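I would like the atomic coordinates for the input below:
(chains A and B)
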Amino acid sequence: MTTDISILIVDDEESVRNSLHDWFMEDGYQVACAENAKEALSILESKNYDIILADIKMPGMDGMEMHRRIRSLNKDSIVIIMTAFASVSTAVQALKDGAYDYITKPFDPDDLSHLIRNAANQISLKAENEALRNRVVSLEDVEDLIGNSEAMKRVLKEVERVTQSSSPVIITGESGTGKELIARAIHSNSPRKFFPMVSVHCGALSESLLESELFGHEKGAFTGAMYNRKGRFEMADGGSIFLDEIATISSKMQIELLRVLETKTFMRVGGNKEISSDFRVICATNRDLKQMVQIGTFREDLFYRLNVVNITIPPLRERIEDIPLLVDYFINKYCKSMSREVISVDQAVLKRLAEYDFPGNVRELENMIERAIVVGNYKEIRLKDLPFERDLVSSSVESLSDLEKRHIIQILEKYNWNISRSAKALKVDRVTLYNKIKKYDLAPAK
Amino acid sequence: MEKDSILLITHGHFEKEFLDRTAILVAREFRLPITIKENHSDLSEFYDPTRRQYDGHKLLQDIDARYSSSSMIRVGLFRVDLFIPILTFIFGQAAFNGSTGVASLYRLRNEQYGIKKNEALLLERFSKVIIHEIGHAMGLIHCHIPGCVMQPSTYVEDIDQKNHEFCPNCRHKIDLF
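Here you go, the predicted model:
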């Protein structure tokens, strides 16, 4: 099996150079020789070698000096020092100077074999690590923020502006606009990208669960706490923590969170040791936090602590020019994941999508496209493959009052039962809306 | 002497039957006629008194110079302990992509490791080392496919782990040679 690993042998004895040359050639390595340090350094100026086997005793510049010069050339080569004189002090010095290892002549064939194999493994691991890192970066980049509209360009500019700092960020936008994607984009383009981005969906957890999730807990802190567990703040050390649906956290958690943000230290539930963690906080909400502060449901001090940078993502209906791009992107994504050929899209579909107001935003569009690919004819997405066409057909058998009731519920839920905003959206006055609510016996879902 | 043949040159005394059986195993793998020649010349000039071993590199050069026109590949067979300057010992050595090799019985014997003598095992090991070195002379590098005769061996037990045969990849390269 030939290998890409290259080895440079530096020794003033010809017989040693030849022996090693033949030995490594038989192993399939790419081998070159130099008879002194000067020649080796001049070879290294024009070509990199993965492994350099250098004799310690050479006329002129010795192996140790050569090694120091190789380091100053900023070469990544692994240097193995060889000598006929076994001396602990020289070995220690070589290792202190960053040599990979030290071997005494003559070598046991097995020792030499192992040494080179381990060095080659280290080189492969390093290359693999580098490739994976690049892949991680490209993967993060691929979690695409699709959009060419002015509104999206403004958002992307904001993202670019905040990546290099560690200031807290609040991302606001309707549900399905891609708040987590923006958070990922901020994280993956920041200097923290090689550390984790830990996400917590605050709305999905009760107060006590959220507390244990964020701060971790000690064994025995509560019933069922059978082991010590790290919290999300601890896991995000060096990276970012993404707190989704931040508006849903309780007043007690708001106080706790404020304290953590101010000190970057906390204690696990049931613990008595202060833990510090270096994280960047990125929050997201679809609620108006400023209004919540005004009505007293969100702490003002926490709001100002979090609201250093605010990025607002426009709803999809305000950037309809992005719909064709998004449709193309989702078709490619899902056709690829289903191992199908990329299908086209009927112009009538794009026209219909542009007219639709997308209450579920990009997420709704994504689901529509995925569904259309699954149920469609494998060639193109047709109007009848889209779910809202079916809804219109089915609604035709409903009575007018049923239709009205359904629409009012939809709008009220969309505006969190804010009567003024809902009435405005329905283009009726508030009294009419109150009357309709009474007529249809509507109440907010608990 | 045939040009398309492998020449085995013995140095020191080898049993005829042992040599014949070695030749059969080597011939079977390369599908080439084998010629055996005895060399009774003095090896003292290749002896290194400080290491108390014989210089395999110099022996290789000597065989190459003496027998270069007599065969396609030639391998010197020895009973003495061989080394190359950088290694403590070798089982064998070949000029990579050349036409000459050397192989020694010395470190293949069980007795060397305090184990009971086993002539059949010795024959197996010796023929594998010869086939391996001829492989290098024909331009094959070490192969990591389990069982292939071109697997590297730094311990005598490593030789026992492999077969006499080439893996299909190495076989293909040998057939193209």
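
Pull out the buried positions in the longest helix belonging to chain B.
Longest helix of chain B, by residue count under DSSP state H: helix B:119-137. Using 16 or more other CB atoms under 10 Å in any protein chain shown as the burial criterion, the residues of helix B:119-137 that qualify are B:121-137. In short, each C-beta sits where N, CA and C put it, glycine included.

close to chain A, is it?
Yes - counting by CB under 8 Å from any CB of the partner chain, chain A is contacted by helix B:119-137 at B:His136.

does chain A sit close to the helix or strand that comes right after that helix?
Sequence order places helix B:156-161 as the next helix or strand after helix B:119-137, per DSSP states H and E. No - Helix B:156-161 stays clear of chain A (CB under 8 Å from any CB), getting no nearer than 8.8 Å.

Now the longest helix of chain B: average pLDDT?
For helix B:119-137, the mean per-residue pLDDT is 96.

What residues of the longest helix anywhere in chain A count as buried?
Looking across chain A with DSSP H, the single longest helix is helix A:109-142. Residues of helix A:109-142 classed as buried: A:109, A:112-113, A:115-116, A:119-120, A:123 (neighbour count, 16+ other CB under 10 Å).

overlap between those residues and the residues near chain B?
Among those, the ones lying near chain B by CB under 8 Å from any CB are A:109, A:112-113.

Reformat the residues you listed as CSV; add pLDDT.
Formatted as CSV, these follow (pLDDT from 0 to 100):
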residue, pLDDT
A:Pro109, 86
A:Leu112, 88
A:Ser113, 87
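
which one among the residues you listed gets closest to chain B?
Nearest to chain B out of those is A:Pro109 (CB to the nearest CB; 4.3 Å).

The residue of the stretch 201-350 of chain A found nearest chain B: what secondary structure?
Using CB to the nearest CB, A:Ser339 is the residue of the stretch 201-350 of chain A that sits closest to chain B, at 32.0 Å. Three-state call for A:Ser339 (DSSP: H, G, I helix; E, B strand; the rest coil): coil.

okay, now it: neighbour count?
By the criterion of other CB atoms under 10 Å in any protein chain shown, A:Ser339 has 6 neighbours.

Give me the phi and psi angles of it.
phi 50, psi 50 (degrees, to the nearest 10).

How much space separates it from A:Ile373?
Per CB to CB, to the nearest Å, A:Ser339 is found 12 Å from A:Ile373.

Also A:Ser42?
The spacing between A:Ser42 and A:Ile373, counted by CB to CB, is 60 Å.

Let me know the pLDDT of the residue of chain B positioned farthest from its centre.
Ranked by distance from the centre of chain B (CA atoms, centre = their mean), the top residue is B:Thr50, with 24.6 Å. For B:Thr50, the pLDDT comes out at 90.

Repeat that for A:Phe298.
On the pLDDT scale, A:Phe298 is placed at 92.

residues touching it, list them.
A:247, A:254, A:289, A:292 (CB atoms under 8 Å, 6 or more residues apart in numbering or on different chains).

Isn't the second one up against A:Leu302?
Pointing back at A:Gln254 there. Yes - A:Gln254 is within contact range of A:Leu302, at 5.1 Å (criterion: CB atoms under 8 Å).

Looking only at neighbour counts, state which of those two leads.
A:Leu302 (24 against 17).

what residues are up against the more buried one?
Per CB under 8 Å, 6+ apart, neighbours of A:Leu302: A:254, A:257-258, A:261.

Could you do A:Asp346 as well?
A:380-383.

Quick one: the strands in chain B, in order.
B:6-11, B:34-39, B:47-48, B:53-55, B:73-78, B:82-84, B:87-90, B:92-94, B:100-104 (DSSP state E).

In chain B, where is pLDDT below threshold?
In the predicted model of chain B, residues B:1-3 satisfy pLDDT under 70.

Let's see that with 90 instead.
Scanning chain B for pLDDT under 90 picks out the ranges B:1-5, B:40-41, B:66-72, B:85-86, B:96-98, B:144, B:173-177.

Give me every residue in the stretch 51-200 of chain A lying close to chain B.
A:105-110, A:112-113.

Can you report how many residues neighbour B:Met150?
There are 23 residues near B:Met150, going by other CB under 10 Å.

I figured A:Lys193 hits A:Ile186, correct?
No - using CB under 8 Å as the test, A:Lys193 is too far from A:Ile186 to be in contact (9.9 Å).

Looking at these two, which one has more neighbours?
Using other CB under 10 Å as the criterion, A:Lys193 and A:Ile186 rank with A:Ile186 on top: 27 against 19.

Helix or strand: which one has the more buried one?
Assessed by DSSP H and E, A:Ile186 sits inside helix A:179-188.

Now do that helix and helix A:109-142, the angle between them.
Relative orientation of helix A:179-188 and helix A:109-142, computed by axes from the mean of the first three to the mean of the last three CA atoms, to 10 degrees: 130 degrees.

roughly how far is helix A:179-188 from the heart of the chain?
7 Å (CA atoms, centre = their mean, to the nearest Å).

For the next helix or strand after that helix, list every residue counted as buried.
Once helix A:179-188 ends, the next helix or strand along the chain (criterion: DSSP H and E) is strand A:197-201. Across strand A:197-201, burial judged by 16+ other CB under 10 Å covers A:197-200.

From the rest of the structure, what touches strand A:197-201?
By CB under 8 Å, 6+ apart, strand A:197-201 touches A:180, A:183-184, A:187-188, A:210, A:213-214, A:232, A:235-236, A:239-245, A:279.
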